[in-house]
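Asks: Predicted coordinates and the sequence they were generated for:
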Amino acid sequence: MSASNKNKENLNPNKNTSVNEPSPIGGNEGDSALDIKAFLDQDQKKDLLRLLTCGSVDDGKSTLIGRLMFDSKMLYEDQLSALERDSKRIGHAGEDIDYALLLDGLKAEREQGITIDVAYRYFSTAKRKFIIADTPGHEQYTRNMVTGASTANLAIVLIDARYGVITQTRRHTFLVSLLGIKHVVVAINKMDLMDFSQKVYDKIKADYDSFVTQLDIPDVTFIPISALKGDNVVERSERMPWYKGQSLLQFLENLRITSDRNFTDMRYPVQFVLRPDIKFRGFSAAVASGIISKGDEILVLPSLKTSKVKSIVTYEKELDYAFPPQSVTVTLEDEIDISRGDMLVHPDNQPRIERQFEAMLVWMDVTPMNLTTQFYIKHTSNTTKARIDQVKYKVDVNSLEKQLIEHLNLNEIGRVVITTSKPLFFDPYKKNRQTGSFILIDPITHNTSAVGMIIDRLDGKSLSSRITDVDKEKIALGKSLIQRDQYQGKYNQKGETIWISGLHGSGKNELAFSLEKRLFENGAIAVMIDGSSVRSGLNRELDFTPADRAENLRRVAHICKLLNDQGIIVICSFISRNNSLRDQIAEIIGKDKFHLFYMDATLEYCKNNKPELYDLIEEGKTKNLPGIDLEYEIPANAKINFKPEENELNIDKVLDYLAANKIFPHH
Amino acid sequence: MMEYSLTNLRELEAEAIHIIREVAAEFENPVMLYSIGKDSSVMVRLAEKAFYPGKVPFPLMHIDSKWKFKEMVEFRDKYAKEKGWDLIVHYNKEGFESGIGPFTHGSKVHTDVMKTQALLAGLNKYKFDAAFGGARRDEEKSRAKERIFSFRDKFHQWDPKNQRPELWNIYNARVQKGESIRVFPISNWTELDIWQYIRLENIPIVPLYYAKERPVVNVDGNLIMVDDHRMPKEIAARAEMKKVRFRTLGCYPLTGAIESEAETIEEIVEEMMTVTVSERTTRVIDFDQEGSMEQKKREGYF
């Protein structure tokens, strides 16, 4: 990455613009005008620190924020006088100024004396501008704290020196680590009530250290303070000479945060396609992570097309490179079809491109999680549908223990498996806050139901086995009131599945259709399912990638299971290309009810029988066809191997098999 | 490793551009509400930046209460023409024709009919599903908790108890037919940030922000400028020339001036840092009742 000084100037355009109005006339204000210019020039170079304060009403959190803002002289006079007026009526702090009243914005909350939502506060010092996300500490408001934490660089965890590390402290720290905040300041407050004792401080520090090690927070700093009296808040306190560190404000002013961003993995989630005229085609986005430079070779997801960055356009000028969180517009050397939700990356550094992943989920909605809901998932600039396959466990935010449950309620946090209908391009949240986070939106109410952080585990290959795990559990639930033998007696058959595997065009369907007809004529109750019948409706959104093929079969297996449970014979005709898939199907249906047959046709035969698809793939117009570019594993354990040429004979063989196994007729 | 860092202003700018683009991408029919004030000027510049070199893909709408300062209207018409904005000027025709005004009907009725009702009618008329506003969280206590994407029901009402959680920079833009979202891209800016940005970017603003000799009347401690003949004669008669400027701009009878010498942005900032009066106190309408801004917001006012 080359970066000349010229570039630096581009990125930080402090050009001395002239003001709109003519300069003041007369000489006497000359000096002060110069001062204020210098002040403004200095001021506009300040950076921004976003911080979160965690603590409850009693920890003195509002007092601390009030003091930070007050002492940095950002409380305007009239806000103060309004405060004095309010304090007399509903204040909770006797005759003193109640800093909390400054902060609690909404009427209802003011009367309850608690803050119940996230409020954002702003103050500024000579070195930095600060945005405080002020969130309540109560357990039922986990969602608010999570909200505030999502954008914070740093968290202040307040501890009341009188009580030390309590459940709430652990809860706050856990949430801070869950949301990936890298810097924590443990502000041990009310030291004035504990005689500014170092012993008290040391004890709390040791207690905190002992549990924070199990969490993932790289930078923890302890500061003993008294928010009420101002000790170690802005100035170092003389009443705690044993404390050698910085005051809270000094620490906040000096902390380095730029290196917290991910500048390694270039991710450019296209937000808006800009086409003002036929000549210009730009792709606008906020750089999520990494550096995108002019001339970079880029790969477009999901199309996998490649090109080069032609220019990086902004209103001021073209840039040589852009970095997070800049919002820019990129043009490419080649004309490639790119739309919102696509992502530009470097070809040698790709995110995961998958439809299934695990995540930590925080439930934000009063409506509890429902595993049958098809949510909208919003991830970077990409929106698609998603469902929650499984809740692996819930984390008790107080004990940090894992509990097995079936769904999450408001303010609960759990580890889940999610499947989306389009692939997402993601990184684990730990590595990349921007591409590792998502929200789930309720399809009916449009509320933000949950927010999630993707976990670094499991690649796509191990996902198929996960389907089976999920299904086993679900299958264990729900039982009909009619007994299996009641069905068998009444229908004179066992509800089981005849599964015919084989290549495309092998003659599976011919056998399946004739078999269905023959069984019907003989008085059996049988249902026949093949690929075109499910793909035309039920599984319409699925395509022919390996993941979608697996999903297609998973659903079919569940239909078989449902029908079998009600005593009905199912005849299935599917390629079902390998043992792993067929094993999963057997697992879902039940191994004893799954009867695998193989239609053993040569590829030659298949091509002659159904040439259309094979022609397409030869012309390069399609892909993912088993037997051609996907492997087809011949079943080793099929009950019968058929030859397609012997259709009538094959039907008799199946009927014999069914009779011998008392599937039909049963008696 | 070299440091890739943005200043506070450039970070806020990038955030605002991201928000503006997100709305343009996710909504069918957005609009940017344009108040002619300094925050609106900043918003328009941010929108221009977001879609450069293209044009801003949504219209601006000014809700004209018919009591704005003359200089505001002049400024609006001049820049709309010069810059080729797609500008809608909407006003409450019925209210205007029946002569509603602050002097005759009081600030409450006037604000409700000519501002809140006019805004809602304007939004309904064009069926806008998203409306950008220039509100900032540092302006007023109740705004501190408002989301950047602030959901409104079919009646344009805000429910502070039932706001959608808003995490990272992922915004939930889903609405049902008839519902809408108010979007505040400069939520995280402070008054100082706005002035700094205007200075840095050389953004034109209405001259009323700069101090000048103007005819004003002291009405209950507020300096009200005599802007036209509609001010009752007995009040206008008390007018005297004072060097004043305005910290915020609205309807002239409802917007108090402050005595000031500040003729440049630098001087305005200097005055702001030393004369400590926060900007909303010069808006008369806020004095009505405690929590009055929250009340107005619930009813659909920005």
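Replies: Noted; the coordinates are in hand.

Asks: CA only for contacts and neighbour counts going forward, please
Replies: OK.

Asks: wait, isn't B:Phe58 in contact with B:Glu28?
Replies: No. Using CA atoms under 8 Å, B:Phe58 is not in contact with B:Glu28; the gap is 9.9 Å.

Asks: For those two, indicate the residue with more neighbours.
Replies: Using other CA atoms under 10 Å in any protein chain shown as the criterion, B:Phe58 and B:Glu28 rank with B:Phe58 on top: 16 against 12.

Asks: quick one: that one is in a helix?
Replies: No. Under DSSP: H, G, I helix; E, B strand; the rest coil, B:Phe58 sits outside any helix and is assigned coil.

Asks: Report the spatially nearest residue to A:His446, omitting neighbours in sequence.
Replies: Beyond its immediate neighbours in the sequence, the residue positioned closest to A:His446 (CA to CA, 6 or more residues apart in numbering or on different chains) is B:Arg174, lying 5.9 Å away.

Asks: burial measure for that neighbour, as a count.
Replies: Neighbourhood size, B:Arg174 [other CA under 10 Å]: 20.

Asks: What sits closest to the residue positioned nearest the centre of chain B if chain neighbours are left out?
Replies: Geometric centre of chain B, nearest residue: B:Ser35, 4.7 Å, by CA atoms, centre = their mean. Spatial nearest neighbour of B:Ser35, chain neighbours left out: B:His62 (5.9 Å); criterion: CA to CA, 6+ apart.

Asks: Give the other helices and strands that the helix or strand that contains the one you found contacts.
Replies: Per DSSP states H and E, B:His62 falls inside strand B:60-63. Packing partners of strand B:60-63 (3 or more CA pairs under 8 Å, 6 or more residues apart in numbering or on different chains; DSSP states H and E): strand B:30-33, strand B:87-90, helix B:118-126.

Asks: quick one: the last one to chain centroid distance?
Replies: In terms of CA atoms, centre = their mean, to the nearest Å, the centre of helix B:118-126 is found 17 Å from the chain centre.

Asks: Out of the helices and strands packed on strand B:60-63, which gets nearest to B:Glu270?
Replies: Nearest of these to B:Glu270, taken as CA to CA: strand B:30-33 at 29.5 Å.

Asks: what about A:Gly507, distance to chain B?
Replies: Remark: distance between A:Gly507 and chain B (CA to the nearest CA, to the nearest Å) = 48 Å.

Asks: Ignoring the adjacent residues along the chain, who's closest to B:Ala80?
Replies: With sequence-adjacent residues excluded and distances taken as CA to CA, 6+ apart, B:Ala80 is closest to B:Leu87, at 6.7 Å.

Asks: for the stretch 51-200 of chain B, what spans make up the strands?
Replies: B:60-63, B:87-90, B:130-132, B:149-152, B:180-183 (DSSP state E, counting those that start in this stretch).

Asks: Ok, the stretch 51-200 of chain A next?
Replies: A:119-124, A:128-134, A:154-160, A:183-189.

Asks: weakest of the ones you listed by average pLDDT?
Replies: Ranked by mean pLDDT, the strands of the stretch 51-200 of chain A bottom out at strand A:119-124, which scores a mean of 84.

Asks: Paired strands for that strand, with orientation please.
Replies: strand A:128-134 (antiparallel) (DSSP bridges).

Asks: From the chain's centroid, how far away is the strand it pairs with?
Replies: With CA atoms, centre = their mean, you get 25 Å for strand A:128-134.

Asks: and that strand, C-alpha only, in CSV?
Replies: Presented in CSV, the C-alpha positions along strand A:128-134 are these (Å, rounded to 0.1, in the frame of the first residue of the first chain):
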residue,chain,number,x,y,z
ARG,A,128,-11.6,14.9,21.0
LYS,A,129,-15.2,14.8,20.4
PHE,A,130,-17.2,12.2,22.4
ILE,A,131,-20.5,10.5,21.8
ILE,A,132,-21.8,8.7,24.9
ALA,A,133,-24.4,6.0,24.5
ASP,A,134,-26.1,6.1,27.8
